[in-house]
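Trainee: how would this look folded up:
(2 chains)
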Amino acid sequence: MTTYIIRRILLMIPTILGITIMVFAISRAAPGDPVSLSMGPGGQLDAQRAADVRKVRMALYGLDKPIPVQYAIWLKRVVKLDFGDSIKHHRPVINLIAERLPITITLNVISIIIIYAISIPLGIFTAVKQGRFSDKVSSVILFMLWSLPTMWAGQMLIGYFCGPTFKNWFPPAGLSSNFADALPFFPWLGDRLWHLVLPVLCLSYSGFAYLTKQVRAGMLDNLRSDYIRTARAKGLSNWTVTFRHAFRNSVIPIITIMATLLPAMIGGSVIIESIFSVPGMGRLAFEAITTRDYNVVMAVATIAGFLNLVGMLLADIAYAIADPRISFERIE
Amino acid sequence: MESKIENKNWGTSYGQLVWQQFTKNRTNLVCMWFIIILFTIAVFAPLIANDKPFTIRIEGKLYFPIFKTLTANDYSVFLSAIIAVVLVSLIQRNSRKVDPFLRSSVLWKQTFICTVILFVGIILLQVFVPRKLDATDYRVMLASGKATDAIFSIVPYGYGRTDIKVSQAPPNKEHWLGTDDVGSDVLCRLIHGTRVSLSVGFVAVGIASVIGIFVGAIMGYFGGKIDFLGMRLVEIMMSVPTFFLIITIVAFFPRSLLNIMVIIGITSWTEDARFIRAEFFKLRNQDFVQAAISLGLPLRSILFRHMLPNGIAPVLVSITFGVAGAIFIESALSFLGFGVAPPTPSWGQMLSAGVSTSGQFLWWLSVFPGMAIFLTVTAYNLLGEGLRDAIDPKLRKAV
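Mentor: Alright, predicted model coming up:
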């Protein structure tokens, strides 16, 4: 097991390198370089002086070196988690991210727990009731939820439940009320949860619809197979057949679906955190792009990729633990 | 080249079988017609919603202002639509009248001729259609009695028209779906926004599938080291959440419709590449491919004439889902303000005005554009599901 995990982690290294190369390449392929941006159109300096200033500044930022060398320098700093300073906040980017990453991770973890907690029972239920009215209705609703655009759902929720126009049930923005810091623990927690209801709802409904469909499909697959017929023929109860036999076999592939859900959710947190003004990493990315804060953009992209890889690694390990047929000695 | 025999029974091809399966389902047909109608609206948007009248009589003389203000781009879009309809009807005709053995070469020839006509036509239009700006307000002329006999289009507003007097008006008799914060008509902007959404879906997925099919075909055919390197690239692309990757690129590059199409295209080809690769792995050892190789056919012919038609089916499904994804991504980008520049209407950008800065919920600015995005995305997703069921009946129970 340990060797499997170590191997799996070692295999991640080239991918992480690839991510950094890609992010760096995007930043360098863009038209215009930081120096010309910072110097503006100019006009006050004569051409010779401007060229000199430009040369000095290029040397200052290390932009006069060949691209691979620039990449190596950048990578060396990234390994030490030094992404430079944010132009907008005048602080090291890594501090900003350290503040905001926990919020995004909390949001995503809560959502994933909710997704799995609801969709596994629901998927089993619809699979058992396959073809009945309840199954048909739920599959139509799930399909609509799956294609419902997040920003629309979020905005309708805010508009209807958080505004002066209709109901005023939930706070429209932020993670806590103004007075929250003065509260004792449990009221504070209640306040936090009250703020989290809508963002978590928005973040989870699409994945929930997707996962329920997958659970249903997996269950149907198993319910049709021969060993279930054998189990029924033995005279086992319906409950035992469904849960001890079919469910156990269909739940294992569900773990790997995490690998599909996770990137969508991390990406979706940009939209949701922007709509609900949640000060997480997605919102940081959104602000960085509107203010053209390039260091932050590069850092956030790298870390989002890294986060996603870690999530996939965890899903793989969970899969390996859950499925005894997987041998830890071989990869693939 | 063309066979003269009328309506001969050649049996049903694989494509026709899939088509029969596909059209059996009523949902698929409804979605297909919905998308066809959307495309029609997109193509004829300037004729459906325009503040210039079709005809107007000024001092006894008849004018046609709407046709004067149409740009070369509008005419090019009309031409492309005509060519597309011609191509589809040619394909239908071919399946009735042309021998199956000649069908693909006949179709290639027809496609080539159509493309040439299209390009020549577009170049001619761009050169010869003059660029004119007609700032006359014909409604004022009508009201003052200078002009008579005006026939306006169904939605008589321009998408760039701003009128602060009627800003943020809920749906009423004059503005059927209300107006936004600068007083533009929502229905008119919705109709023109169809163009952005559909063209993003079309072009972005076109780019993605061309890259995906090419890379996937090469990986699947050669295998070995090329496959290993290609798969690492695919893995790296997939490990950064797509939306983060897209906004990273959007942050560094100038924002225009074309850029957004290209960005969505170059970030979403991985799925297609993986599907094609898997298919080519299976096809590689089949007899007809081995025969093509031993005949010494050029690589291009082996890959794209012999193998691709047999391996394209699963990619068609992923392409259909890809269109839905691209439309969603474009509207999300526009919603966040990273999309097309404001005078050009786009559904996501209209949606972003739904909650005003003072916290007021302008429901008509949220419901209608949101509904448009939702219906379009749903239609494409349903089409994808229907196509998958038609292609592989075994998969019907899955998902």
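Trainee: Next, the residue of the stretch 101-250 of chain B found nearest chain A: secondary structure please.
Mentor: Closest approach of the stretch 101-250 of chain B to chain A (Cβ to the nearest Cβ) occurs at B:F243, with a separation of 2.9 Å. All C-beta spots, glycine's among them, are computed from the backbone N, C-alpha and C. Three-state assignment for B:F243 (DSSP: H, G, I helix; E, B strand; the rest coil): helix.
Trainee: Check the burial of the nearest residue to it once chain neighbours are set aside by counting its neighbours.
Mentor: Ranked by Cβ to Cβ, 6 or more residues apart in numbering or on different chains and with sequence neighbours excluded, the top spatial neighbour of B:F243 is A:G267, at 2.9 Å. A:G267 has 24 neighbours, counted by other Cβ atoms under 10 Å in any protein chain shown.
Trainee: what does A:I113 give?
Mentor: 12.
Trainee: Also B:G216?
Mentor: Neighbours around B:G216, by other Cβ under 10 Å: 27.
Trainee: That one reaches B:R277, doesn't it?
Mentor: Yes: assessed by Cβ atoms under 8 Å, B:G216 is found in contact with B:R277 at 4.3 Å.
Trainee: Low-confidence ranges, chain B, go.
Mentor: Low-confidence regions of chain B, defined by pLDDT under 70, span residues B:1-9, B:393-399.
Trainee: is the helix or strand harbouring A:N95 anywhere near chain B?
Mentor: Using DSSP states H and E, A:N95 sits within helix A:93-128. No: Helix A:93-128 stays clear of chain B (Cβ under 8 Å from any Cβ of the partner chain), getting no nearer than 10.0 Å.
Trainee: Any buried residues in that helix, and which?
Mentor: A:93-94, A:96-97, A:100-101, A:103-108, A:110-112, A:114-116, A:119-120, A:122-128 (16 or more other Cβ atoms under 10 Å in any protein chain shown).
Trainee: What of stretch B:273-287?
Mentor: In stretch B:273-287, counting by 16+ other Cβ under 10 Å, buried: B:A273, B:R274, B:F275, B:I276, B:R277, B:E279, B:F280, B:L283, B:R284.
Trainee: Which neighbouring elements make contact with the longest helix seen in chain A?
Mentor: If you go by DSSP state H, chain A has its longest helix at helix A:185-223. Contacts defined by 3 or more Cβ pairs under 8 Å, 6 or more residues apart in numbering or on different chains; DSSP states H and E place helix A:185-223 against helix A:93-128, helix A:133-147, helix A:150-161, helix A:248-256, helix A:258-275.
Trainee: Quick check: chain neighbours aside, which residue is closest to the residue nearest to the spatial centre of chain A?
Mentor: By Cα atoms, centre = their mean, chain A has its centre lying nearest to A:I266, at 1.5 Å. Nearest non-adjacent residue to A:I266, counting by Cβ to Cβ, 6+ apart: B:P241, 4.4 Å away.
Trainee: So that neighbour versus A:F24, what's the distance?
Mentor: 18 Å (Cβ to Cβ, to the nearest Å).
Trainee: Quick check: residues of the stretch 101-250 of chain B near chain A?
Mentor: Near chain A, when you scan the stretch 101-250 of chain B using Cβ under 8 Å from any Cβ, you find B:232-233, B:235-245, B:247-250.
Trainee: returning to what we had before: looks like the residue nearest to A:I266 contacts A:I303 (just checking).
Mentor: No: taking contacts as Cβ under 8 Å, B:P241 lies outside contact range of A:I303: 10.9 Å.
Trainee: Quick check: nearest residue in space to B:S366, chain neighbours excluded?
Mentor: B:G354 (3.2 Å).
Trainee: isn't that neighbour right up against B:L365?
Mentor: Yes: look at B:G354 against B:L365 with Cβ under 8 Å: they come within range, at 4.5 Å.
Trainee: ok now do A:L201, which residues does it touch?
Mentor: Contact analysis of A:L201 by Cβ atoms under 8 Å, 6 or more residues apart in numbering or on different chains lists A:L157.
Trainee: How about the backbone phi and psi for B:A341?
Mentor: Torsion angles at B:A341 (phi, psi; degrees, to the nearest 10) stand at phi -70, psi 140.
Trainee: wait, B:P53
Mentor: phi -80, psi 160.
Trainee: For it, which non-adjacent residue is spatially closest?
Mentor: B:A150 (4.2 Å).
Trainee: How about the secondary structure of the one you found?
Mentor: Of the three states, B:A150 takes strand according to three-state DSSP.
Trainee: Could you count how many residues lie near it?
Mentor: Residues near B:A150, counting by other Cβ under 10 Å: 19.
Trainee: so who does it touch?
Mentor: Counting by Cβ under 8 Å, 6+ apart, B:A150 has contacts B:P53, B:T55, B:I56, B:R57, B:Y138, B:L142.
Trainee: And the buried ones among the residues you listed, selectable in ChimeraX?
Mentor: Only the buried entries of those go into this ChimeraX selection, using 16+ other Cβ under 10 Å:
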select /B:53,56,138,142
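Trainee: could you pull out the helices for the stretch 201-350 of chain B?
Mentor: For the stretch 201-350 of chain B, the helices defined by DSSP state H, counting those that start in this stretch cover B:224-239, B:242-252, B:257-267, B:270-284, B:287-294, B:299-300, B:308-311, B:313-336, B:347-351.
Trainee: most packed of those helices?
Mentor: Ranked by mean neighbour count, these are led by helix B:347-351 with a mean of 28 (mean count of other Cβ atoms under 10 Å in any protein chain shown).
Trainee: Next secondary structure after that one?
Mentor: helix B:363-391.
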